[in-house]
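[1] Could you look at this predicted model? Sequence included:
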Amino acid sequence: LEGCALREDLTDPEIDYWGEASGEGGEQYGQAVKCLNRSLLRTIDRIEARDPNAIIVIQGDHGPKFGIEFHRPLSDWSQEQLDARFAILNAQRMPAACAARGERAELAVNTFRLVLGCIVGKRLPLLSGRELMSDLEAGEVAEIEVRTGHRRTANG
């Protein structure tokens, strides 16, 4: 795809500025996703050709940051902002024997439990989800219940 050249200057402030989702920032984000998808699919095809039983995990750490002002306290974040920030990519491609068990790591916290269970041939207990986020304004880690928007400090 056009515009898929790797960026050389990682200090360029434009790398961190996303702009507006419906404007130029959104177009650049969409182009970056298309470029990354193309590269990932090509890589996955190569891995599968080499080893059809390979375990492949592609996992993000957070969702997009359009419209989020990180200097604001978490208590000021809208439910929509929380939902967007905690929406991550979590995809696993497991060997047929493991996939046939029907287990899926629907939460990122369980990805490696599923992978390790596949490797050793056991079902490992899965954990319930927790969302933690640094509240830069308050200088603390907060646990977020994304579905309700409830916030509390991680140790209380």
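    Yes, it's here.
[2] Report the secondary structure state of Val141.
    Look at Val141: counting by DSSP: H, G, I helix; E, B strand; the rest coil, its state is strand.
[3] separation between it and Lys65?
    Counting by Cβ to Cβ, to the nearest Å, the gap from Val141 to Lys65 is 18 Å. The C-beta positions use only the backbone N, C-alpha and C, and glycine is treated the same way.
[4] Between these two, point out the one with more neighbours.
    Set Val141 next to Lys65 and count neighbours by other Cβ atoms under 10 Å: Lys65 wins out with 17 against 12.
[5] didn't that one look like it was pressed against Arg85?
    Yes: Lys65 is in contact with Arg85 according to Cβ atoms under 8 Å; the separation is 6.9 Å.
[6] what's the longest helix in the protein?
    Taking DSSP state H as the criterion, the chain has its longest helix at helix 24-50.
[7] Tell me where the model's unsure across this structure.
    With pLDDT under 70 as the threshold, the chain has low-confidence stretches at 1-2, 13-19, 24, 145-156.
[8] I figured Leu82 was touching Ile144, is that so?
    Yes: using Cβ under 8 Å, Leu82 is in contact with Ile144, at 6.0 Å.
[9] Please report the distance of the residue most central in space within the chain from Phe86.
    Nearest residue to the geometric centre of the chain (Cα atoms, centre = their mean): Gly60, 2.4 Å. Distance of Gly60 to Phe86, computed by Cβ to Cβ: 11 Å.
[10] hang on, the earlier thing: partners of the very next helix or strand once past the longest helix of the chain in the sheet?
    Going down the chain from helix 24-50, the next helix or strand is strand 56-59, by DSSP states H and E. Next to strand 56-59 in the sheet, as set by DSSP bridges, lie strand 90-93 (antiparallel).
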